[in-house]
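J.: make a model of this:
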Amino acid sequence: MASLRLTPGKADFVKRKRADGTIQDVCLLKWNVDFSQGCIAQVHPCHLDEVLANNGKYAPGNYDRYRADKTGDKRCKYCYAWKKNSGPVLSRTVDKWTRKDFEEHRPKFVRFGKNSEPGHPFYFSEFMKAVDLCTEFGARPIITTKMLPFGIEGARETANYANNGNDYISRFTERQNMPSGKEIAAKLIDARTSLLFSLGYDQIELGPRLQGFSNQWRIEQARKYHSTGVNTSLTVVCDVTDSIENNVSRGSFIKHALEEKSTSGINARVIPARLVTEGTARVIAGAKRSVLTDPGYYKTHPLLGGEAIPRARYRWDGKLKAVADYIHPDFVKLIAEELGVCGAVAGTERCDQCNCHGNARISFPESEIVDVVFDGPSIGRILLTRKKQRALREELRTQIALDI
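T.: Numbers count the residues shown, from 1 in each chain. Presented below is the predicted three-dimensional model:
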């Protein structure tokens, strides 16, 4: 099995150059861990038994058959890492190479789940080892998840939301002797974790929803972690260019998050949606990207219940992705009330430091972001080098065995 390794992340791309020429670190996500190459959110629940029994893979020959019957890939449709997180969901292990990375880099923060879901019960053993390692080295975990249950209790509750009442997650965690939510929470508190439950759209998050990890289930788990004292947030991917009402009409959970914040005190934050396909654009923003990026369209076609706006709601970022370029008054008000925002919108980069530093709110013009020049090896080259090193170690062990 492959080792769990630290990999670089967003912090390398979000640095601010001040007027005096000094460079300010903004994003905390410098170091990251992914517990598998493939994201387990892509697996349909009817294939979970098979995948987990076959070391994180479909049985030979089955993948093409499942693709043909449209049960082979149920990943979240708006996932920014979709080019990187296909393949086996076999768990990586916390071992001496993981420890070596921590000793070498001494990370202050470690994000769990850069490219794939970290909180699924399938990874629970290694997940908790990684939390313990963070505690040992004083590194604060920043855990982004759709699938972390509040212990065995939360795992059992997935059957209430799963496709056809599937109770596989419950049965699996029973076999693995998953501890109670309070026991897990105590570990997360000791590590000074920031636990970020992602909320999106059930209709384009089929894998998580069908397995039982629906958006409503996530809110319930987040509430329980928050009540035990874990620093917990609801992170909502939504359309900040439109009203709260219109977001809700298209399936967003932004209103649920704001209501939960009001009633239980749990933190709520937003990530402006990035529209990578026409299908996601229609679900999230209610129109084709060609319309959303048309600077003249909304001068003559006011938003429902609102006024005409003199600009496009979105702009193209490269050839394939449309990003928010306008903030609706509903969100202007929420931001003024210190709602946390992660990402750039309407020419301003915003960061709430993943709720690790209370009400920290950073914002500055996108034009001040430092241009990144890579003068070292790419992450792909680093990973290839590690693969070659593993092969050489295995060859050496084989040769030693033969000599003996």
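
J.: now do the strands in the stretch 101-250 of the chain.
T.: Remark: strands of the stretch 101-250 of the chain, listed N- to C-terminal, are 109-112, 140-145, 194-199, 231-238; assignment by DSSP state E, counting those that start in this stretch.

J.: could I get the ones you listed as JSON lines with mean neighbour count?
T.: For glycine as for every other residue, the C-beta is placed from the backbone atoms N, C-alpha and C. What follows is these, written out as JSON lines (neighbours: other Cβ atoms under 10 Å):
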{"stretch": "strand 109-112", "mean neighbour count": "26"}
{"stretch": "strand 140-145", "mean neighbour count": "22"}
{"stretch": "strand 194-199", "mean neighbour count": "25"}
{"stretch": "strand 231-238", "mean neighbour count": "24"}
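
J.: check the gap between Arg67 and Gln42 for me.
T.: As defined by Cβ to Cβ, to the nearest Å, Arg67 lies at a distance of 11 Å from Gln42.

J.: out of the strands of the stretch 101-250 of the chain, the one nearest Pro295 is which?
T.: Between Pro295 and these, the shortest separation by Cβ to Cβ is 22.4 Å, and it involves strand 231-238.

J.: in its sheet, what does the closest one sit against?
T.: Strand 231-238 pairs in its sheet with strand 194-199 (parallel), strand 267-272 (parallel), by DSSP bridges.

J.: nearest to Leu29, out of those strands?
T.: Leu29 lies closest, by Cβ to Cβ, to one member of the strands paired with strand 231-238: strand 194-199, at 11.0 Å.

J.: tell me how far that closest one is from the chain's mean position?
T.: Relative to the centre of its chain, strand 194-199 is centred 8 Å away, using Cα atoms, centre = their mean, to the nearest Å.

J.: now do that strand and strand 140-145, the angle between them.
T.: Note on geometry: by axes from the mean of the first three to the mean of the last three Cα atoms, to 10 degrees, strand 194-199 and strand 140-145 are set 10 degrees apart in direction.

J.: quick one: mean pLDDT over strand 194-199.
T.: Averaging pLDDT along strand 194-199 yields 98.

J.: mind putting the strands paired with strand 231-238 into CSV with distance to Lys10?
T.: Shown next, in CSV, are these (distance: least, Cβ to Cβ, whole Å):
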stretch, distance to Lys10
strand 194-199, 14
strand 267-272, 12
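
J.: compute the number of surrounding residues for Arg106.
T.: Arg106 has 11 neighbours, counted by other Cβ atoms under 10 Å.

J.: my error: substitute Ala346 in the last question.
T.: The criterion is other Cβ under 10 Å. On that basis, Ala346 has 18 neighbouring residues.

J.: I appreciate the help and will end here.
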